[in-house]
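S.K.: Predicted model and sequence follow; I will ask about them next.
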Amino acid sequence: MAPPPPDTSKIDRYNSYIRRVNTAKIMAASSKLLFRATLLTTLVLILIFTLNYPPLGAGRSHSSSSSSHRSLISTTLYGDENSGAAWEKQVRNSAAPRRSRGMSVLVTGAAGFVGTHCSLALKKRGDGVVGLDNFNSYYDPSLKRDRQGLLARHEIFVVDGDINDGPLLVKLFDVAAFTHVLHLAAQAGVRYAMKNPQSYVASNIAGLVNLFEVAGKLVNPQPAIVWASSSSVYGLNTENPFSEADRTDQPASLYAATKKAGEEIAHTYNHIYGLSITGLRFFTVYGPWGRPDMAYFSFTKDILNGKPITVFQGQDGVEVARDFTFVDDVVKGCLGALDTAERSTGSGGKKRGPAQLRVYNLGNTSPVPVTRLVSILEGLLGVKAKKNVVKMPRNGDVPFTHANVTLAAHDFGYRPTTDLSAGLRKFVKWYVGYYGIKAPAKAGGSKQ
Ligand SMILES: O=C(O)[C@H]1O[C@H](OP(=O)(O)OP(=O)(O)OC[C@H]2O[C@@H](n3ccc(=O)[nH]c3=O)[C@H](O)[C@@H]2O)[C@H](O)[C@@H](O)[C@@H]1O
């Protein structure tokens, strides 16, 4: 019997997938190559100009060779929007603390949800803040631009750039003496990793490595780094609640795997270069100015539009639950981590002594079923949801999360104080104001 004809459509699909992957690889390789070539060129230029070139760095004491190195990069290799005296002045002003012994923080992902809230809180207490964001279109970039506008009104400058742009990072450190980096830029979202796996590798691994490379090897003194890991690293862990010492070697999604990889990469840069690094495992953060891709946000939109929502149900009818954490609580945790971050110990690309390496849960400590989230929203919006209950698909989701926050409470007094009803009320109030929705029920009104 003749063998069945090959399924050419499958082969075509595979070939086009490989072509896409190869293109991505080539682009990644060429940007790596460009970065290396830039560094090499710079090193050669340093040899030539070391003695003559005036440093640009403000307030940061560093060796003449390293400042020349950075000055050369910023003054000779750029002709883009992120250059020039006016741009440098904006960066310097925004980075300058307004309180004595205040910190100067570079916030990556500053136009993101948590980034915006943290930037505002830091600025409010007198720290210097410069944001960095690439304004990608994972979700509506106009929301990110509006957050940028909010930050601008508080005199926080957000640079339009990518964490994978090594020379830009070097240049930022050259212009401003950042003492800390709050690294929140990432490809977020658990289920989207099935659709666009490469974006997770590019942001959460390549971008993180790029930041550590610059902060660990090229910046002097090195900043302390606090960055966003995720509760998703607990994956298939069965301990309850989740403690930092529990297993994190069974990620259920590529997103979780990249965050877990980030934690291991942090260990390496701490070990080799003496970078002070703190990873924060966020537990399903929600609140005003939130992320439209998250369930509480998209449910609100769909309920108001009379569209059905899909509610996942666990195996054997068990309810899917999350330790939903209000953004103000998470901000307190981020600032606490920054305040207790010790200095990095390396210089000139060499570790000079042991440096701090930490990981903390930042959760709410009280998981709530997703069905309860829906009923709170129904109450606040005054609209009944059209629920479509389906079995949780195998797309990287986990059935529940529950944080033990003893460590963060002990080390920097982290204590979440907002329950889901109170937090969602604040979210809905913001949502209806932001989108100009008329008279939805009880957002600002009576208690549920
Ligand atoms: O804590 C974390 O580590 C993660 O929290 C969220 O991930 P997730 O908890 O999955 O948040 P949502 O996507 O908002 O989902 C919340 C809950 O709603 C459920 N869900 C989601 C979407 C949907 O259509 N239906 C539905 O029932 C999910 O199963 C989940 O239990 C964020 O999206 C991640 O970026 C973050 O790292």
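M.R.: Perfect, thanks for sending it. Numbers count the residues shown, from 1 in each chain.

S.K.: Name the residues of the stretch 151-300 of the chain found near the ligand, please.
M.R.: Remark: the part of the stretch 151-300 of the chain in contact with the ligand comprises 188, 189, 190, 230, 231, 232, 282, 283, 284, 294, 295, using CB under 6 Å from any ligand atom. Yep, even glycine has a C-beta here, placed from its N, CA and C like the rest.

S.K.: hmm, try it at 5 Å
M.R.: By CB under 5 Å from any ligand atom, the residues of the stretch 151-300 of the chain that approach the ligand are 188, 190, 230, 231, 232, 283, 284, 294, 295.

S.K.: Can you give me the neighbour number for the residue of the stretch 51-200 of the chain found nearest the ligand?
M.R.: Using CB to the nearest ligand atom, the closest approach of the stretch 51-200 of the chain to the ligand is made by residue 188 at 3.6 Å. By other CB atoms under 10 Å, the residues close to residue 188 number 26.

S.K.: Show me which of the residues of the stretch 151-300 of the chain next to the ligand is closest to residue 430.
M.R.: residue 294 (14.0 Å; CB to CB).

S.K.: which residues touch the closest one?
M.R.: Counting by CB atoms under 8 Å, 6 or more residues apart in numbering, residue 294 makes contact with 284, 286.

S.K.: measure it to residue 370 for me?
M.R.: Distance of residue 294 to residue 370, computed by CB to CB, to the nearest Å: 12 Å.

S.K.: Kindly reformat the residues of the stretch 151-300 of the chain next to the ligand as a markdown table containing pLDDT.
M.R.: Shown next, in a markdown table, are those (pLDDT from 0 to 100):
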| residue | pLDDT |
| --- | --- |
| 188 | 98 |
| 190 | 95 |
| 230 | 98 |
| 231 | 98 |
| 232 | 98 |
| 283 | 98 |
| 284 | 98 |
| 294 | 98 |
| 295 | 98 |
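
S.K.: among these, which ones are buried?
M.R.: Among those, those classed as buried by 16 or more other CB atoms under 10 Å are 188, 190, 230, 231, 232, 283, 284, 294, 295.

S.K.: so the closest residue to the fifth one other than its chain neighbours, which of the three states?
M.R.: In this structure, residue 232 finds its nearest non-sequential neighbour in residue 256, 3.8 Å apart by CB to CB, 6 or more residues apart in numbering. Assigned state for residue 256: helix (three-state reduction, DSSP: H, G, I helix; E, B strand; the rest coil).

S.K.: Contacts only, for the closest residue in space to residue 178 that isn't next to it in sequence.
M.R.: Excluding the flanking residues, the one nearest residue 178 by CB to CB, 6+ apart is residue 106, at 4.5 Å. Shown in contact with residue 106 (CB under 8 Å, 6+ apart): 95, 130, 131, 132, 172, 173, 176, 178, 180, 181, 182, 223.
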